[in-house]
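# Any chance you could fold what I've pasted below:
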Amino acid sequence: MARHIARWDLDKTYLRTEFDTFRDLVRTALERPDEKRTNPGAATLLREMVRAGISVHILSGSPEQMRRRLEDKLRLDGIKWDSFTLKPNLTNLLRFRFRAMRDQLGYKLPALLDARARATPPAPDDPDIRHETLFGDDAEADAFVYSLYGDVLAGRVDDETLLAICARGNMYEDVIEAVTQSLQRMPREDAVERVLIHLERQTPPDDFDPYGKRAVPFYNYFQAALVVHEDGRIPAEAVLRVAVELVVQHRFDGDALGRSYLDLARRGHLKGTSAEGITEALEDWSHHDAVPGLPELRRMSEVLPEHAKLAREKYGDGKSTTPDYMALVEKHNPRKK
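Numbers count the residues shown, from 1 in each chain. Below you'll find the model as predicted:
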């Protein structure tokens, strides 16, 4: 069976990184691996995805010069990965490509397409394609880039339209040529299952409506775990482990966990199929092990059935429409002139 792929950003998605000022950049660059802070629940979810057999690929806008410290940080967190791509900002600087140092479309989209083009295809006797779950944040253009990538893979955005989007997004000509080469080598398949966007900057979730149901803005990693679980990628016990971290280390209570589920249900991002399984997993787990934060987890499980009912009412068919990327690219790169 083809292994599922998870592609993760780091800054503001996995790590609690500040780089809004030059001082922030310097401090981030000088931090030791043990000083870098992980977003609550992110490490637990990523470990659970690895445990479930998911292939993890890191794609970060952090500069290549930070590779050693970032890799050491992930090792400290017990994370295993299959590839680790960082931005060649020193090369961009030496080539006077100052625009490329901050641009995400011209960096992440070609990297994603190239990775997909290079991926080993499934065995001939394996009918499954390698589906992907993508993790990003609202500090950059992750929702735009990831959604565009998914629709290119699926054939909903044709090559001519994509190249026009790249040109309007002010990509360098050689980068557009690299995109063209990847398109020639890449199979077209509806592979991107979910785009999960961490609301680090508390962007209103409605801002992501143009990207449809596939894109899920989330406030905490318990919410992300619920979505990945409903997609069938991690078991219910993995969701509970994320919840335990939030309760024990970050002062979540059962009501806060319940509200997290309710928030996704109201926004139509949950099918409502996971509540019973999570409750059953909690009861089975508590009979065999001492569960940290058990009273809060049980309080959460008490409210899930009612919230799941609302989720089933709100979910609809779950289908996404293709966004108007030619219009959205102007918002992605407002300083292109």
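
# What are the structural domain limits within the chain?
5-214, 218-315 (automatic domain parsing).

# Can you say which of those domains is nearest to Thr321?
Proximity to Thr321, assessed across the domains of the chain by Cβ to Cβ, is greatest for domain 5-214 (5.3 Å). Heads up, the C-betas are built off the backbone N, CA and C, glycines and all.

# as a whole number, average confidence for the closest one?
Taken as a whole, domain 5-214 has a mean pLDDT of 88.

# Val192 pairs with what?
Glu132 (DSSP bridges).

# Arg194 is in what secondary structure piece?
Using DSSP states H and E, Arg194 falls within strand 192-198.

# who's in contact with that strand?
For strand 192-198, the surrounding residues in contact (Cβ atoms under 8 Å, 6 or more residues apart in numbering) are 4, 12-13, 39, 131-138, 142-143, 146-147, 149-150, 153-154, 208, 211, 214-218, 224, 227-228, 231.

# Remind me what the very next helix or strand once past that strand packs against, helices and strands.
Past strand 192-198, further along toward the C-terminus, the next helix or strand under DSSP H and E is strand 215-218. Applying 3 or more Cβ pairs under 8 Å, 6 or more residues apart in numbering; DSSP states H and E, we find strand 215-218 packed against helix 142-153, strand 192-198, helix 221-230.

# Of all these, which one is nearest Pro292?
Each of those has some distance to Pro292 by Cβ to Cβ; the shortest is helix 221-230, at 14.8 Å.

# elements contacting that closest one?
Packing partners of helix 221-230 (3+ Cβ pairs under 8 Å, 6+ apart): helix 42-51, strand 192-198, strand 215-218, helix 236-250, helix 254-266.

# about what we covered before: redo the domains of the chain as a markdown table? Include distance to Thr322 and mean neighbour count.
A markdown table is the format used below for these (distance: least, Cβ to Cβ, whole Å; neighbours: other Cβ atoms under 10 Å):
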| stretch | distance to Thr322 | mean neighbour count |
| --- | --- | --- |
| domain 5-214 | 5 | 18 |
| domain 218-315 | 18 | 19 |
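
# Quick one: closest of those to Glu330.
Nearest of those to Glu330, taken as Cβ to Cβ: domain 5-214 at 7.3 Å.

# which helix in the protein runs the most residues?
In the chain, with assignment by DSSP state H, the single longest helix is helix 294-315.

# Tell me what angle that one forms with helix 236-250.
Helix 294-315 runs at 120 degrees relative to helix 236-250, counting by axes from the mean of the first three to the mean of the last three Cα atoms, to 10 degrees.

# Give me the contacts around helix 294-315.
Here helix 294-315 makes contact (Cβ under 8 Å, 6+ apart) with 240, 243-244, 247, 252-255, 257-258, 261-262, 264-276, 278-279, 282, 286, 291.

# quick one: it to helix 221-230, angle?
Using the same axes, to 10 degrees: helix 294-315 against helix 221-230 is 60 degrees.

# what about helix 294-315, distance to the chain center?
24 Å (Cα atoms, centre = their mean, to the nearest Å).

# average pLDDT for that helix?
Helix 294-315 shows a mean pLDDT of 95.

# Which SSE is immediately downstream of it?
Later in the chain than helix 294-315, the nearest helix or strand by DSSP H and E is helix 325-332.

# first vs last residue of stretch 258-272, how far apart are they?
Stretch 258-272 has its terminal residues 13 Å apart, counting by Cα to Cα, to the nearest Å.

# swap that for stretch 267-280, please
Distance across stretch 267-280, first residue to last, is 25 Å (Cα to Cα).

# From Ser60, how far off is the residue lying closest to Pro40 once chain neighbours are set aside?
Distances taken as Cβ to Cβ, 6 or more residues apart in numbering place His250 nearest to Pro40, at 4.5 Å, with adjacent residues excluded. As judged by Cβ to Cβ, to the nearest Å, His250 and Ser60 stand 24 Å apart.

# again, but for Arg68
Per Cβ to Cβ, Arg68 is found 14 Å from Ser60.

# again, but for Arg7
From Arg7 across to Ser60, the span is 10 Å (Cβ to Cβ).

# Please apply the same query to Glu230.
27 Å.

# before we move on, back to that, so what angle separates the directions of the strand holding Arg194 and helix 42-51?
Using the same axes, to 10 degrees: strand 192-198 against helix 42-51 is 160 degrees.
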